[in-house]
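Q: for reference, the sequence and a predicted model appear below.
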Amino acid sequence: MSEPPARDDVPDLAGLPDWVKSLGLPPEAADAIDRYWKPVWESLADELALLPVHTRRAPPEAPAPAAGAERIAFEAVAEPAPGEKWQIRFRQMWPAYRAWYLREGDAARPSYAEARRMLREHMPELVPTWERLVDLAGGGDLAARLLSLYRPPGFIVGCSQGAWTREEGPALVRNYDYPASRLEGIVYLTAWGGRRVIGMSDCLWGLLDGVNDAELAVSLTFGGRRDVGDGFGIPIVVRYLLETCDTVVEARAALERIPVHAAQNLTLLDPSGAYLTAYVGPGRPPEFRAVPATTNHQGRVEWPEYARAIRSVEREECVLGLLDDAGMSRERFIAAFLEPPLRNTNHAQGFGTLYTAAYFVEEGRVEYRWPGFTWRQSFDRFEESEHVEVFEEERRAA
């Protein structure tokens with residue numbers, strides 16, 4: 001058998017089958033890998049429904065990233081009412097979102113009348129903002145349907161999140177793992193419905209995570225089921241909870257009546273220290289757990305290939321272990337999200353960690369963290385600014 005390569009030559013998971021075969025396995029073992037292992041990765045890649053790729057503007061005076069690396073210019077944007085700033089960004093992203101929305105054909109998406117009716121029925125408080133955004137988008141039927149986020153194409157994300165409720169005050173901490181080219185990268189401060197909200201934008205006006213001025217924080221992860229059905233895309237549901245709810249109890253009541261189109265997990269935290277993880281999605285009623293952490297399965301693994309590929313169980317056990325550690329501090333808990341196994345650097349395969357967010361609910365502030373840099377925003381001091389991060393594979397130490 002040939003000598004194995006040094007550890008910095010070990011491939012990422014998707015390349016692992018070929019690397020194992022390179023060690024000189026007997027023919028029958030190599031054949032078994034081709035039959036049972038490699039097809040898992042190939043079929044999984046075909047099933048991972050993603051949001052659209054966004055064309056990135058080049059940050060001013062920023063050097064070009066190395067070959068194979070991707071760059072995100074994160075923006076912080078304050079716009080109390082929907083206006084020109086949102087409109088400019090909509091126009092930049094609309095071609096990609098339009099193609100994504102129609103990828104299964106126009107007939108697969110709801111009519112304008114159905115989209116409007118469902119939004120009015122389930123989230124009526126958002127209707128005035130939706131109507132204003134539709135006007136800013138040009139008033140077209142297709143934009144209105146997409147912006148309702150009712151029954152959009154299916155999509156998944158990979159994330160870890162946990163609620164800290166001990167010394168130093170409650171904090172909701174999350175990692176967002178996704179292909180860098182598909183993140184909007186916009187941190188918005190809005191007051192579109194009267195309540196101030198800070199959060200990371202997704203699907204043009206939804207949110208991946210955020211906090212409101214009532215000190216409620218919410219974050220989402222994919223729930224690890226393939227099912228897609230009738231309901232709303234989860235980013236607009238996160239927006240709705242932060243626009244309308246003060247507490248975890250109120251947010252739970254809202255989630256009991258809002259249909260969600262794909263399996264998603266939400267972790268909620270308020271300043272009383274109350275927390276909740278909600279498992280939502282089509283085909284079954286929402287399930288609420290007094291669990292302070294979640295990754296990419298809903299209590300039990302229902303898509304084993306996906307869960308193994310992104311180490312969902314391992315990451316959830318890691319977060320729960322950190323929270324159970326009596327000697328853990330809030331700062332050490334947050335810092336652990338910037339280290340393996342929670343931080344993922346498999347950017348070439350997709351689903352690398354793009355940011356860590358820590359929402360300090362009592363203080364009305366958030367820190368977005370990367371190794372070596374922390375970007376701070378708050379209701380008291382929100383600064384429109386930009387931060388550039390470059391994402392590339394990290395070579396393993398020998």
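A: Happy to help now that I have it.

Q: low-confidence stretches in the chain?
A: Scanning the chain for pLDDT under 70 picks out the ranges 1-48, 56-68, 349-350, 393-398.

Q: again, only this time at 80
A: Within the chain, the set of residues satisfying pLDDT under 80 comprises 1-51, 55-69, 156-158, 348-351, 393-398.

Q: let me see the ranges of the helices in it.
A: 16-21, 27-32, 38-47, 84-101, 112-122, 127-136, 141-148, 234-244, 248-255, 304-309, 312-324, 330-336 (DSSP state H).

Q: what about the strands in the stretch 151-300 of the chain?
A: 158-164, 171-178, 186-190, 197-202, 206-212, 217-222, 264-269, 275-280, 287-289, 293-294 (DSSP state E, counting those that start in this stretch).

Q: closest to Phe379 out of those strands?
A: Set against Phe379 and scored by C-beta to C-beta, these come closest in strand 197-202, at 6.8 Å. Glycine gets a C-beta too; all of them are placed from N, C-alpha and C.

Q: what angle sits between that closest one and strand 217-222?
A: Angle, strand 197-202 to strand 217-222, by axes from the mean of the first three to the mean of the last three C-alpha atoms, to 10 degrees: 20 degrees.

Q: report all helices and strands that strand 197-202 contacts.
A: In terms of contacts (3 or more C-beta pairs under 8 Å, 6 or more residues apart in numbering; DSSP states H and E), strand 197-202 is packed against strand 186-190, strand 206-212, helix 234-244.

Q: who does that strand pair up with?
A: Strand 197-202 pairs in its sheet with strand 186-190 (antiparallel), strand 206-212 (antiparallel), by DSSP bridges.

Q: contacts for the last one?
A: When you say that, I think you mean strand 206-212. By C-beta atoms under 8 Å, 6 or more residues apart in numbering, the residues outside strand 206-212 that reach it are 149, 157, 161, 172, 174, 176, 188, 195-202, 217-220, 233-239, 242-243, 245, 357, 359, 361, 364, 366.

Q: and it, how far from the chain's centre?
A: Centre-to-centre, strand 206-212 and its host chain are 10 Å apart (C-alpha atoms, centre = their mean, to the nearest Å).

Q: cool, and stretch 205-212?
A: Centre to centre, stretch against its chain (C-alpha atoms, centre = their mean), the figure for stretch 205-212 is 10 Å.

Q: list the buried ones in that stretch?
A: Neighbour counts over stretch 205-212 (16 or more other C-beta atoms under 10 Å) mark Trp205, Gly206, Leu207, Leu208, Asp209, Gly210, Val211, Asn212 as buried.

Q: of all the strands of the stretch 151-300 of the chain, which one is nearest Ala144?
A: Nearest of the strands of the stretch 151-300 of the chain (C-beta to C-beta): strand 206-212, 15.3 Å.

Q: what angle do that closest one and strand 158-164 make?
A: Between strand 206-212 and strand 158-164, the angle comes out at 10 degrees (the same axes, to 10 degrees).

Q: dump strand 206-212 to PDB, keeping only the CA atoms.
A: Output in PDB follows, covering the C-alpha atoms of strand 206-212 (Å, rounded to 0.1, in the frame of the first residue of the first chain):
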ATOM      1  CA  GLY A 206     -36.900  38.700   4.400                       C
ATOM      2  CA  LEU A 207     -34.300  38.000   7.100                       C
ATOM      3  CA  LEU A 208     -31.900  35.200   7.900                       C
ATOM      4  CA  ASP A 209     -31.600  36.400  11.500                       C
ATOM      5  CA  GLY A 210     -32.200  39.600  13.400                       C
ATOM      6  CA  VAL A 211     -33.400  41.500  16.500                       C
ATOM      7  CA  ASN A 212     -36.100  44.100  17.100                       C
END
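
Q: which ones are touching the spatially closest residue to His122 that is not a sequence neighbour?
A: Ranked by C-beta to C-beta, 6 or more residues apart in numbering and with sequence neighbours excluded, the top spatial neighbour of His122 is Ile258, at 5.2 Å. Neighbouring residues of Ile258 by C-beta under 8 Å, 6+ apart: His122, Met123, Gly231, Phe232, Val237, Tyr240.

Q: farthest pair in those?
A: Among the contacts of Ile258, the pair separated by the greatest distance (C-beta to C-beta) is Gly231 and Tyr240, at 12.6 Å.

Q: centre of the chain to stretch 319-327, how far?
A: 23 Å.

Q: equivalent analysis for stretch 95-111, please.
A: Worked out by C-alpha atoms, centre = their mean, stretch 95-111 lies 21 Å from the chain centre.

Q: residues in contact with that stretch?
A: Stretch 95-111 has contacts (C-beta under 8 Å, 6+ apart) with 51-55, 118, 142, 145-146, 148, 150-153, 203-204.

Q: and which of those is nearest to Ile88?
A: Closest to Ile88, out of all of those and judged by C-beta to C-beta, is Leu204, at 12.2 Å.

Q: distance of the closest one from Leu354?
A: 18 Å (C-beta to C-beta, to the nearest Å).

Q: and those two? which has more neighbours close in?
A: Between Leu204 and Leu354, counted using other C-beta atoms under 10 Å, the more crowded position is Leu354 (26 against 21).

Q: that one reaches Ala180, doesn't it?
A: Yes. Contact criterion C-beta atoms under 8 Å: Leu354 and Ala180 qualify, at 6.0 Å.
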